[in-house]
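Enquirer: A predicted structure for the sequence below; I have some questions about it.
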Amino acid sequence: MQTLAIKISTALLTLSMGHWVSAQPLYVATTGGSLMQIAPDNQTFEFAVLQGDGTTKLRTFKYAEVREFRLIENPNSNLQNEILALVEQLGSVDFTERELAEAKLSEAKYAGRFEKLLRNYRNHPNLEIRYRVRRVLADLVDRTSQTSSQDLLILKSGEHLSGDAHQLTVSGQVLGQKITLERSQIRQLGAQPNRSLLIQKASPVRVKKRLLHSDHFYNNDDDFVFDFESDPFGNSISLNQNLSDSFVSRGLRFSSTDSDYVRAVRFSFKFCPIDAGYKSVCIQGERMFRGVMRIRFCLPGQPDVSAGVTRFGMFIERVDNPRDFVVQAFDANGNLISLVEATNQDCCFAGFQSNVPITEIRVQQNPYLVNSNRTLDEMYAVDNVTFNRPVAVPASSISSILKLRTGDFLAVTKLAIGPQAWRATITELPQSISVEPQEIAWYQTSNPITETPKHWRVLLTDGSVIAGEMGENCPPAPERQPNGLSVNGTIYQAIQQRDDESITLKDVFRPLDDRISIDAKQIVALWPAGKPAIYPEPEDFPSKHPVLVFPGCRILTKNNIFFFRDSMFWPANCQEMLQRVDFKKFESEPEDTSVQGTGKTMSSYDSPTAPSIWFQAPNTLAPQQGHVSTRFGTRYVFGPGGRFVLKSISDDQILLSFRGGDLLIPMKDVSNLSFGQPR
């Protein structure tokens, strides 16, 4: 059976226009969520280029000249003729007709998108037309369309041309099939593929460094910068504009966990002589600037395809107190990669550089200042967001996505999985296609993530994440005294004298699936499942001692960590590392809220003080490894170096084996299935 790559090569060779064989394929992002390589039947297309006077001039371009061609949702075709007719109607002898024409021209889809064209009629010979056109133009403040007003053609030469693609269609060969895409099916075209993120080998760190200054960014073709003065199409951003989908063409999506949305604002400081910028973005909810701002990434132009970046930075502007806001970076599995607190500067830069894709940034009031005696700041804004080009990552999505090793992303409406081939139905293709398993990079399902059960998770040396329980074999926690853990230290001494074997890790953690056994030496990290895993920094492992990782604070232990049924304990001779964040230890200790490296400290599992415990430095998943991730937060790694073996895949289940025993995972519980990089 021919491989998919051979099929595509054969299709290209059989094209009637032989000089297209050596040309780059055209990449088309569809409204259905697919990204496909097309060998087009024609070399050229027509584009009506917008002129300085608001009119358009039809020009012919070659697809080989195109870097990026973005199409707006509602084309301008035929609207110009409507506008010319409405302008003439402004001079009608009928007063009602004149009023109706002016009202319609004032709508955003007319005046907002064709302001330059209307300005040509400000000096019309007809006094009534001249008067009403000027009145329409004067009424345009903050009423223009919030979406791009024109199609945008970006050439490889760097030239940006606005205009109208009219009813553009693209015909050609896709995956061995003939296809014709109408304009309504096309989001954007490009002659250059989106690059895949390649990790050459497993790396011992998650976050290479925190970026504390904008100079860490070197703006080039791979860096996107948004100052919120204009959108990627060059349109000016108006105040209070909803920016949720304004930057999808560059792979950025804003949202809020509050009831309101992220919008553009002018932001001034209470005490600051420095001008921080003209426009920023914030959340305006019940109270100004309050809420959690979520910044997520998608494949540029494809909001349905999750993506990540490896470098991110922005300015966060606050009003009153330092540390009242945090910027958090998360990976595709919801793990907290790193965290930066607002400093004592009114406007500080917060950034991250990671070797694992960052899929989400959250800006919010500091949730770790749980026992602060003062009122926390509720005002903040974000400015000058910068990140490198997003690349697709497998993650839960609203649609099922099949990524091929050729670089195609297919939004699948129906999938039949067989041992020899997968048959996928895609909206844009007239017939289902057959894909051999070795041509599939990963399969992302549309199964929603379920709330994680309140169990524990362990990360193993092969990258697997296993759910389990803590506490069954643990001793009860020592009794809490009014002034702390103990009055005279006897409880701590008694803990030290316990038999270590009764409280070692292998005895206190038990996998929920009793078919899986874990050696303590295989465990890299341990954390409460109700919280995201918090990753350490490179400097956290100067020796082989375990590291307790809190949000914004790390503690290097020089002795054992003791586990109890509802809490954990680390001894006095620990060294506090990096930032200190205030925590509430116990209700009876309101005066002492900080994590102390020199004191006897205990943390309950379900409190904000519960850390992630790292027994060794984390490694990224090796590129040749495949894995099955579930919507419950577990991950089973198979392939070279993996502890599981992939036995079979069908429409309704995935069958793995562990040490000869079968482990069945229903497909309805699968979040994504990755086959790893080819060896």
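Expert: Structure received.

Enquirer: for Val363, which non-adjacent residue is spatially closest?
Expert: Of all residues not flanking Val363 in the chain, Met293 sits nearest, at 4.3 Å (CB to CB, 6 or more residues apart in numbering). (Each C-beta comes from the backbone N, C-alpha and C, glycine too.)

Enquirer: state the number of residues packed around that neighbour.
Expert: Met293 has 24 neighbouring residues, counting by other CB atoms under 10 Å.

Enquirer: is it true that it touches Arg263?
Expert: No: counting by CB atoms under 8 Å, Met293 does not reach Arg263; the two are 10.7 Å apart.

Enquirer: what sits in contact with each of the two?
Expert: When contacts are counted by CB atoms under 8 Å, 6 or more residues apart in numbering, Met293 and Arg263 have Val281, Cys282, Ile283 as shared neighbours.

Enquirer: the second one: which element?
Expert: Which is Cys282. According to DSSP states H and E, Cys282 maps onto strand 280-283.

Enquirer: so which elements touch that strand?
Expert: Contact partners of strand 280-283 among helices and strands, from 3 or more CB pairs under 8 Å, 6 or more residues apart in numbering; DSSP states H and E: strand 262-265, strand 293-299, strand 380-388.

Enquirer: now do 7 Å
Expert: Counting contacts by 3 or more CB pairs under 7 Å, 6 or more residues apart in numbering; DSSP states H and E, strand 280-283 packs against strand 262-265, strand 380-388.

Enquirer: now do the helices in the chain.
Expert: With helices called from DSSP state H, the chain shows them at 4-13, 79-89, 95-105, 115-119, 127-138, 490-496, 505-508.

Enquirer: give me the contacts around the fifth one.
Expert: The contact list for helix 127-138, computed with CB atoms under 7 Å, 6 or more residues apart in numbering, reads 87, 90-91, 98, 102, 105-106, 111, 115, 118-119, 121-124.

Enquirer: what mean pLDDT does that helix get?
Expert: Averaged across helix 127-138, pLDDT comes to 86.

Enquirer: dump that helix to PDB, keeping only the CA atoms.
Expert: This file holds the C-alpha atoms of helix 127-138, laid out as PDB (Å, rounded to 0.1, in the frame of the first residue of the first chain):
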ATOM      1  CA  LEU A 127     -25.900  70.200  -1.500                       C
ATOM      2  CA  GLU A 128     -28.100  67.600   0.100                       C
ATOM      3  CA  ILE A 129     -25.700  64.700  -0.700                       C
ATOM      4  CA  ARG A 130     -22.700  66.800   0.500                       C
ATOM      5  CA  TYR A 131     -24.400  67.700   3.800                       C
ATOM      6  CA  ARG A 132     -25.600  64.200   4.600                       C
ATOM      7  CA  VAL A 133     -22.300  62.500   3.700                       C
ATOM      8  CA  ARG A 134     -20.400  64.900   6.000                       C
ATOM      9  CA  ARG A 135     -22.900  64.100   8.800                       C
ATOM     10  CA  VAL A 136     -22.400  60.300   8.300                       C
ATOM     11  CA  LEU A 137     -18.600  60.800   8.500                       C
ATOM     12  CA  ALA A 138     -18.900  63.000  11.600                       C
END
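
Enquirer: buried ones in that helix?
Expert: Judged by neighbour count (16 or more other CB atoms under 10 Å), helix 127-138 contains these buried residues: Ile129, Arg130, Arg132, Val133, Arg134, Val136, Leu137.

Enquirer: before we move on, back to that, which among the contacts of helix 127-138 gets closest to Leu153?
Expert: Taking CB to CB as the measure, Leu153 lies nearest Glu115 of the contacts of helix 127-138, at 20.3 Å.

Enquirer: do you know how far that closest one is from Ala138?
Expert: 11 Å (CB to CB, to the nearest Å).

Enquirer: what do you get for Thr406?
Expert: Distance from Thr406 to Ala138, by CB to CB: 54 Å.

Enquirer: ok, now Phe564?
Expert: Phe564 is 72 Å from Ala138, where distance means CB to CB.

Enquirer: quick check, Gln177 in contact with Glu428.
Expert: No: under the criterion of CB atoms under 7 Å, Gln177 lies out of contact with Glu428, with a separation of 9.9 Å.

Enquirer: so those two - more neighbours on which side?
Expert: More crowded of Gln177 and Glu428, by other CB under 10 Å: Glu428, with 21 against 16.

Enquirer: wait, the more buried one touches Leu181, no?
Expert: Yes: taking contacts as CB under 7 Å, Glu428 lies within contact range of Leu181: 6.1 Å.

Enquirer: common neighbours of those two, please.
Expert: Listed contacts common to Glu428 and Leu181 are Thr30; contacts here mean CB under 7 Å, 6+ apart.

Enquirer: who does Cys347 bridge with?
Expert: Taking DSSP bridges as the rule, Cys347 bridges to Glu317.

Enquirer: next, the buried residues of stretch 394-403.
Expert: In stretch 394-403, counting by 16+ other CB under 10 Å, buried: Pro394, Ala395, Ser396, Ser397, Ser400, Ile401, Leu402, Lys403.

Enquirer: go on, stretch 376-392?
Expert: Buried-residue list, stretch 376-392, by 16+ other CB under 10 Å: 377-392.

Enquirer: roughly how far does the residue located most distally from the centre of the chain sit from Asn126?
Expert: Distance from the C-alpha centroid of the chain peaks at Val93, with 56.6 Å (CA atoms, centre = their mean). Noted for Val93: a distance of 11 Å to Asn126, by CB to CB.

Enquirer: domain ranges for this structure, per the record?
Expert: Following automatic domain parsing, one finds the domains of the chain at 79-138, 207-392, 465-611, 620-679.

Enquirer: wait, which of those is closest to Ile186?
Expert: Nearest of the domains of the chain to Ile186, taken as CB to CB: domain 207-392 at 10.0 Å.

Enquirer: any weak-confidence spans in the stretch 501-650 of the chain?
Expert: 501-508, 538, 542-543, 552, 558-560, 571-602, 607-609, 620-624 (pLDDT under 70).
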